[in-house]
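Engineer: Following is a predicted model, sequence given first.
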2 protein chains.
Amino acid sequence: MINRVSASLTEVLDGRWAHIRQAVRERLGAEFVTVPGETGDQARERVSRLIRSLPTDVGVASAFPVEYGGSADPGGSTVAAEMLAQVDLSLMVKAGVQWGLFGGAVVALGTARHHDEYLRDIISADVMGCFAMTETGHGSDVQQLRTTCTYDPSSGTFDLHTPHEAARKDYIGNAARDGRMAVVFAQLITGGRRYGVHAWLVPIRDEHGDPMPGVTIGDAGAKAGLLGVDNGRLSFDHVTVPRDMLLDRYGQVAPDGTYTSTIENDTRRFFTMLGTLVRGRVTVGAAASAATRNALTIAVRYGDNRRQFTRPGDDREIVLNDYLAHQRKLLPALAASYAYAFAQEELAVTMAEVFALAEPDEHRQRELESRAAGLKAVQTWHATRTIQMCREACGGAGYLAENRLPGLKADTDVFTTFEGDNTVLLQLVAKGLLTGYRDAFGSLDGWGRATFVAEQVREMMLERTAARTLIQRLVSAVPGRDEEVAVTDRGWHLAIFEDREKHILDGAIRRLRNGAATKKDRPFDIFNDVQDHVLAAATAHIDRITLEAFVAGIDRTGDPEARALLAKVCDLYALTTIEADKGWFLEHGRLTPARSKAITAVIDDLLRELRPHMRTLVDAFAIPDEWLNAAILREEPGRQEAMAKEDEAVRSVLAG
Amino acid sequence: MINRVSASLTEVLDGRWAHIRQAVRERLGAEFVTVPGETGDQARERVSRLIRSLPTDVGVASAFPVEYGGSADPGGSTVAAEMLAQVDLSLMVKAGVQWGLFGGAVVALGTARHHDEYLRDIISADVMGCFAMTETGHGSDVQQLRTTCTYDPSSGTFDLHTPHEAARKDYIGNAARDGRMAVVFAQLITGGRRYGVHAWLVPIRDEHGDPMPGVTIGDAGAKAGLLGVDNGRLSFDHVTVPRDMLLDRYGQVAPDGTYTSTIENDTRRFFTMLGTLVRGRVTVGAAASAATRNALTIAVRYGDNRRQFTRPGDDREIVLNDYLAHQRKLLPALAASYAYAFAQEELAVTMAEVFALAEPDEHRQRELESRAAGLKAVQTWHATRTIQMCREACGGAGYLAENRLPGLKADTDVFTTFEGDNTVLLQLVAKGLLTGYRDAFGSLDGWGRATFVAEQVREMMLERTAARTLIQRLVSAVPGRDEEVAVTDRGWHLAIFEDREKHILDGAIRRLRNGAATKKDRPFDIFNDVQDHVLAAATAHIDRITLEAFVAGIDRTGDPEARALLAKVCDLYALTTIEADKGWFLEHGRLTPARSKAITAVIDDLLRELRPHMRTLVDAFAIPDEWLNAAILREEPGRQEAMAKEDEAVRSVLAG
């Protein structure tokens, strides 16, 4: 029973790719939904089968060029994957490996001959493939991969080789069971010189499914979750790879072994290549948030029915959602989920815009990568925390597989470390902020020259994300003295989020500069001693762009009632974010003790005001009941009432 | 390779029951250790087999009376279960169900005839049993169970009945597969009057393993973890139970149906009965912390070997544990684990003392229940957070079942809600604080009469837990003005923890009193509006007794080097606890902004100082390598060095 406000909220949440969201909701029925309690083999078989039977019009492969059957819509493909995450996370990850990582790498790093030969089969899933980048020894620092691929002009082929065990490709999706080919990342060596990491398209299994000569395939075995994804390990023992299998958009090797590239610097070239693969991070953040919305919907709906303990002077037991402590758990998480939904939508729009530019814009590209990294980190941590909280909010029922929460938790858990470890990603965000995206190249290592700390970042700070004019107007309207402003003033929220970001960043720059002067002999310590400070700057930055996206989202909402409700939710998001970091605001004189306490009191008021709208807020996520797939929500109509009546009879016997 | 300091730490951590800890370490080899990647059926079969083959001298059943083969050592049995948690959490929970909950209820609630007839078979596991308390509709509010057991004087039997689906017994360990009998909790009705919840010993399966007439047994199905525990559901359709199967220590029914009890008040009687079962909560908290120590050991040892990113100006990559951000994750959690180990030891000692009293002491009993509840809540949340963090700290490897962390996470997850939902338990702690354990009866519902808020709690606040004299001396030595005291002053830590507890509690009392005056028509709101405040008081209380236990533990440490190290760890625990709540301290003028910032700087210093001792600190947990059972730690000697050498060769090629 969806009310009007809820439908209006769905409309604004669905955003630019509403047509894809709606198509997925309509096209994917119960047969695609995750099955609790399967063995690993059962899950792999099912997901492998389903991925081949996904309807073509649900958009998961829509990022491919039009000429090969795609619709050149990277934002749409991200949104489709996000929707798939609500159906089955294994299916979503498997799709992400096949069409996002594997297919995406062939598109982005390959050239016409690769596209012509492989893309149609990749889109149809007739050729299943792997994205073989991570090695056992190198996950975060992929620039230092140890696999080598050495060109031999005499044979006109490459020699792909795994020099030791730590160089084997590890955790590779599609490797253990289904992959026929792999995009393998390795150090390109030709003419006795190394040119850094490049990618090759390499067959790993023959038509019978047996490993190709020289290829050793292992199974990563049981995992915490994602049972339907066949993660494996690949090693190459001097495997011969034809010259034309080098994905050579960014670097070419002539028959005589001459290396050419339009990007001279190896590091810059590598991170340019990586940058084309940003869609993976955009998708993972989106998927984490989507799964979180499933969990919140289950917990909120359960909390609306479940009763425990009698109200004083009343026979009827109290509904869980009426407890302040329960509201304190669910509602701030729900508000953050709204915030991230808007931030994610804006990120997908930005990605679509940057990808559509006729001329590449390096500054915008780096900024996109930074936001993708940051939003991936905060959304996946939000998922981990919130799904855990939801499972606890459902008590023992939340521990049973039939109620979906254990699966959501276990499946999303890996998101905090795959497609980039969250801490490393936040460091990337910080690096972008510190250098204003100049000379950053997405590199995560030693921070390059220490001199960058002399650079200022002010002009970048004002590069707002969305609804710039509106936000500037709101901020400008804030009176000079904080104490005169209501704690629910939106301009004040925006101003204080921005102020925190600037101040933390300025402090980090100051400390780095001092360190550069005094710790010349310990270059690692210069950065390491402020690592926490720098990560705090990144978090404050992502909080700010998230709030701005929320404000822009409210501005796009037509229905006045929905708009008013969203404004309350945004208040709750802003104030609980401030409250969570109130130590910082108090330490830095940004809040007086009295105002800090007032914020907590206002949050309690907001919880009371939002209590009646909890159900509306989760209904607006518009997740079909069969996707929720939770036994505790599967009640025949009238059963709840019948049970209550039966129970009333027992209670009166017991009271008698 | 255990160093001397580490051995000294083990000695103090092992505490009073060192002999049991050592016996378990020596007696339980690899064959008892959890097997990753099993199916549910495999896990149930294995655990069911192992529980019958546990050596009798490892103490899991030692709480039973001496005359039946136990050693009347409840603290020892808790410690044994804690050790078992490091081996296999399913095995520990299954043991806890059999000997703790089921056997424990027969001992505590039954009388000589029950003991004589059943205890030997229970101890030998020849009779496996269930603890059938929780119902689908009532988990936290067990006083409101709906199952009825009605006495019929004409037949001299009880009629045990499940009136509706929400009254079925749910999540019951040992029910789905192995249980032959169950202690069933139900509302006792005789002579047309209800006397509240009592327990009966009821056969649920016959000798062939088939359900007894009228008993319906279901399977709770797949769960997030604890695959080896056969949780199920029990319903009773007018099952006849002989009169003498009532566990009648606290309430008796004569052949003619006359009810007698030494405790007149039904509520008081019920919570007295529940109070005898406190060992369950003591054990769960202990087990959660024990499993957390496994996770920390794995993450710290991995972080000591794993390298990523090159140090500027250095070829060698940086060890993860050298990163400040990594230290910030692992070390405060490690310090808290030390703190909880001491607090748990003290709790077990207190339990042993209270159980050994010739005359029951209601005040001490309530205090014990409160501390058991509080330490169960904080330790299980600590486990959930810390194991999650450890899994992330191990990157992709942390997601693989072969590295144990997924199992530790999934298995301990239920601890936050079983044996009492953590939020409900903290409310119980708060209630004890607010009433000074008078009239509390462990009840969790409507808080009884509102007038209790007029009572003061000061005298209770000074009931310190351990090393009273030492702690009083340290607190007294703190100068009047905080700013003059070093932030590492132990007396200052103790004083500020105590001050926070008092102040939060006073504030809660004031708000409750105001509420009682102004919200007379909304009695539920009086309590609900301050629920968060009240929970904060409970947390502050548990923090205080934890810190005091840590201080007492340091005082027991003989080896000066170990003592000095422990003091640093205690500094880190105290300061990170203060830092985590610095918003409160700043709001209430307990910290100046400058001192608050100083605390963060001192924490950074402590991390640097403790970095070289990380390995020593986890080695002191003395967890046998085969219990850790993590592939990432299973390195043949020299392999690490060989790999590094190989890698060095590749690196020089790549650099060339």
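Structural biologist: That came in fine, so what should we check first?

Engineer: Which residue would you name as the spatial centre of chain A?
Structural biologist: In chain A, the centroid-proximal residue (Cα atoms, centre = their mean) is residue A:285; its distance is 1.0 Å.

Engineer: list the buried ones in the helix or strand containing that one?
Structural biologist: Taking DSSP states H and E as the definition, residue A:285 sits inside helix A:279-305. By neighbour count on 16 or more other Cβ atoms under 10 Å in any protein chain shown, the buried set for helix A:279-305 is A:279-303. Where C-beta positions appear, they are placed from N, C-alpha and C, glycine not excepted.

Engineer: is chain B contacted by it?
Structural biologist: No. Between helix A:279-305 and chain B, judged by Cβ under 8 Å from any Cβ of the partner chain, nothing touches; the nearest distance is 11.1 Å.

Engineer: Show me what the helix or strand following that helix is packed against.
Structural biologist: Once helix A:279-305 ends, the next helix or strand along the chain (criterion: DSSP H and E) is strand A:307-310. Applying 3 or more Cβ pairs under 8 Å, 6 or more residues apart in numbering or on different chains; DSSP states H and E, we find strand A:307-310 packed against strand A:317-319.

Engineer: Not counting the strand it packs on itself, show me its contacts.
Structural biologist: A:303, A:304, A:305, A:306, A:307, A:308, A:309, A:310, A:311, B:141, B:144, B:524 (Cβ atoms under 8 Å, 6 or more residues apart in numbering or on different chains).

Engineer: can we see that at 6 Å?
Structural biologist: Residues outside strand A:317-319 that contact it (Cβ atoms under 6 Å, 6 or more residues apart in numbering or on different chains): A:307, A:308, A:309, A:310, A:311.

Engineer: again, but for stretch A:301-313
Structural biologist: A:317-321, A:326, A:394, A:615, A:632-633, B:140-141, B:445-446, B:523-524.

Engineer: For the residue of the stretch 1-150 of chain A found nearest chain B, give its distance to residue B:41.
Structural biologist: Taking Cβ to the nearest Cβ as the measure, the point where the stretch 1-150 of chain A comes nearest chain B is residue A:37, at 3.1 Å. Shown here: residue A:37 relative to residue B:41, a distance of 11 Å by Cβ to Cβ, to the nearest Å.

Engineer: In terms of neighbours, single out the busier of the two.
Structural biologist: residue A:37 (16 against 12; other Cβ atoms under 10 Å in any protein chain shown).

Engineer: Can you list phi and psi of that one for me?
Structural biologist: phi 80, psi 10 (degrees, to the nearest 10).

Engineer: Then residue A:131?
Structural biologist: Torsion angles at residue A:131 (phi, psi; degrees, to the nearest 10) stand at phi -120, psi 90.

Engineer: do the same with residue A:312
Structural biologist: Phi and psi for residue A:312, reported as degrees, to the nearest 10, are phi -60, psi 130.

Engineer: what about it, how many neighbours?
Structural biologist: With other Cβ under 10 Å as criterion, residue A:312 counts 18.

Engineer: How many neighbouring residues does residue A:16 have?
Structural biologist: By other Cβ under 10 Å, neighbour count at residue A:16 equals 14.

Engineer: For it, which residues are in contact?
Structural biologist: Neighbours of residue A:16 in contact, by Cβ under 6 Å, 6+ apart: none.
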